[in-house]
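Novice: quick one: sequence plus predicted model below, questions after.
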Amino acid sequence: MKRRDFLKVSSITAVVTPFLGSVPKVFSKNLKTSGEKMKLKFYPYTLELKHTFTVATASRKTTPVMMVEIEYDGVIGYGEASMPPYLGESHQTATEFLSKVNLEQFPDPFKTEEILSYVDSIAPGNPAAKASIDIALHDLLGKLMNQPWYKIWGLNPENTPYTSFTIGIDKPDVVRQKVKEAEQYKILKVKLGLDNDKEMIETIRSVTDKPIRCDVNQGWKDKEYALKMIEWLATKGVEFIEQPMPKDWYDEHAWLRERSPIPVIGDESVQRLPDVKKAYGVYDGINVKLMKSTGMREAYKMILLAKSLGMKVMLGCMTETSCAISAAAQLSPMVDWADLDGAELISNDLFEGTKIIDGKVTLTNLPGIGVRKIK
Ligand code: MG
């Protein structure tokens, strides 16, 4: 090579090399077919709640969760199953389910449809355990692509909603204390369905005029009573009502929806994709949660279907670490309402990720589901 040509080549190299050097390691790994296998690990964990949490169906101070990791080519994707006891999953059921999952048979982690259909086919039910795999796989893939999921889906992070802060059923002094703690939140979500509904609302209204959303968790067992309560609640600045009556009362909810002055939203009635169609004409909207939908992939489809049917969509959660909350938050620019305060209700988070800033869901620009493990 002539010296002049050599200088030309080396100067190009000098310009190009620093750029190549800046390509993130995880992204460069994606450029080759590694021949690696996905390895699944999981371990039980127990979330400590800051307050005893009471809804119409149960009361508790802790929530069992299963933490999941999928490792592929040196990159780890994180996932989580949150299992409030009244929903029927537990450390034991999740251990049994996850022990059956063999991801090593899939040479390409990007074949999400195939992998997650296989996971779904292992056993019926187990939505939270299935979600833990889905979330970890999405985290892994996002990291391999070096992009957060909201970007992969083409969503604008500025369009994230404000989240409500949940106030469980309690005595007036505790309710007042919780309203005080919820200062940064612009919207309150109030649990109803026991015998002190009016007291709960009047207590809150004695200290704040923030918008309220109510969740009855199937607590009312009479449609005429439900309508009277909703009419009263509407005069107290309640924006909508969630799952007022038992989940299989489709006709009664359709009756109520026709007469209700505020939207009626289905939560326990709407678990997975086929339930969205069943909820059409029965509810004005649905509450989508990763722990019901089996994860991000099906939640995304549920949101698209509900919106295409002209229904409202709320994105909710269980008490969860910032892992599952951040996964749900990736979808949040698509929805009308968010209830993603789950990680704010616990005192022993394992991750740092999506934050609630001045009440607004605030996404990080970290790849995958946007989290960093802190413990
Ligand atoms: Mg609910």
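Specialist: Thanks, I have it.
Novice: so how far is I346 from the residue nearest to V174 when sequence neighbours are not counted?
Specialist: Spatial nearest neighbour of V174, chain neighbours left out: H51 (7.5 Å); criterion: CB to CB, 6 or more residues apart in numbering. Every residue, glycine included, has its C-beta placed from N, CA and C. Per CB to CB, to the nearest Å, H51 is found 10 Å from I346.
Novice: neighbour count: those two, which is higher?
Specialist: Neighbour count, other CB atoms under 10 Å: between H51 and I346, I346 has more, with 20 against 15.
Novice: which residues does the more buried one contact?
Specialist: By CB atoms under 8 Å, 6 or more residues apart in numbering, I346 lies in contact with L47, E48, L49, K50, T63, T319, T321.
Novice: name all residues that make contact with the last one.
Specialist: By CB under 8 Å, 6+ apart, the residues touching T321 are Y45, L47, V65, M67, E80, A343, I346, D349, L350, F351.
Novice: with just CA atoms, put the host helix or strand of the second one into CSV.
Specialist: Counting by DSSP states H and E, the element that carries L47 is strand 39-54. What follows is the C-alpha trace of strand 39-54 in CSV, where atoms were taken according to Å, rounded to 0.1, in the frame of the first residue of the first chain:
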residue,chain,number,x,y,z
LYS,A,39,-31.4,-20.1,30.9
LEU,A,40,-34.3,-19.6,33.3
LYS,A,41,-33.8,-18.9,37.0
PHE,A,42,-36.5,-18.0,39.6
TYR,A,43,-36.7,-17.3,43.3
PRO,A,44,-39.5,-16.5,45.8
TYR,A,45,-39.7,-13.1,47.5
THR,A,46,-42.2,-11.5,49.8
LEU,A,47,-43.2,-7.8,49.5
GLU,A,48,-43.7,-5.9,52.7
LEU,A,49,-46.6,-3.4,52.4
LYS,A,50,-46.3,0.0,54.1
HIS,A,51,-49.9,-0.3,55.3
THR,A,52,-52.3,-3.2,55.8
PHE,A,53,-54.2,-3.2,52.6
THR,A,54,-58.0,-3.9,52.7
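Novice: what's the first helix or strand after that strand?
Specialist: From strand 39-54, the next helix or strand downstream (DSSP H and E) is strand 59-72.
Novice: distance from the chain centre to that next one, please.
Specialist: The chain centroid and the centroid of strand 59-72 are separated by 13 Å under CA atoms, centre = their mean, to the nearest Å.
Novice: report all helices and strands that it contacts.
Specialist: Under the contact criterion of 3 or more CB pairs under 8 Å, 6 or more residues apart in numbering; DSSP states H and E, strand 59-72 touches strand 39-54, strand 75-82, helix 91-99, helix 127-145.
Novice: let's have these in TSV, adding distance to A279 and mean pLDDT.
Specialist: Shown next, in TSV, are those (distance: least, CB to CB, whole Å; pLDDT from 0 to 100):
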stretch	distance to A279	mean pLDDT
strand 39-54	26	93
strand 75-82	23	98
helix 91-99	26	98
helix 127-145	17	98
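Novice: now render those as JSON lines, adding distance to F240.
Specialist: Formatted as JSON lines, the helices and strands packed on strand 59-72 follow (distance: least, CB to CB, whole Å):
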{"stretch": "strand 39-54", "distance to F240": "21"}
{"stretch": "strand 75-82", "distance to F240": "24"}
{"stretch": "helix 91-99", "distance to F240": "32"}
{"stretch": "helix 127-145", "distance to F240": "24"}
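Novice: output these in TSV, with distance to the ion appended to each entry.
Specialist: Output for those, formatted as TSV (distance: least, CB to the ion, whole Å):
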stretch	distance to the ion
strand 39-54	13
strand 75-82	14
helix 91-99	22
helix 127-145	15
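Novice: out of these, the one nearest Q218 is which?
Specialist: strand 39-54 (14.5 Å; CB to CB).
Novice: in the contacts of I346, find the pair that's most separated.
Specialist: Largest separation among the contacts of I346 by CB to CB: K50 and T321, giving 13.7 Å.
Novice: distance check, W149 against the ion.
Specialist: 24 Å (CB to the ion, to the nearest Å).
Novice: phi, psi for the closest residue to the ion within the chain please.
Specialist: Nearest residue of the chain to the ion, counting by CB to the ion: D267, 3.6 Å away. Per-residue torsions, D267: phi -120, psi -70 (degrees, to the nearest 10).
Novice: what's around it, how many residues?
Specialist: 23.
Novice: pull up the residues of the stretch 251-375 of the chain that are close to the ion.
Specialist: By CB under 5 Å from the ion, the residues of the stretch 251-375 of the chain that approach the ion are D267.
Novice: and the strands in the stretch 251-375 of the chain, which stretches?
Specialist: 264-266, 285-288, 312-315, 337-338, 351-352, 355-357, 360-362, 372-373 (DSSP state E, counting those that start in this stretch).
Novice: chain center to stretch 317-328: distance?
Specialist: That offset, for stretch 317-328, works out to 5 Å (CA atoms, centre = their mean).
Novice: buried sites along that stretch?
Specialist: Using 16 or more other CB atoms under 10 Å as the test for burial, stretch 317-328 gives C317, M318, T319, E320, T321, S322, C323, A324, I325, S326, A327, A328.
Novice: now, the residues you listed that are in helices?
Specialist: S322, C323, A324, I325, S326, A327, A328 (DSSP state H).
Novice: surely the fifth one meets T362?
Specialist: It refers to S326. No. At 10.5 Å, S326 and T362 do not qualify as touching, with contact defined as CB atoms under 8 Å.
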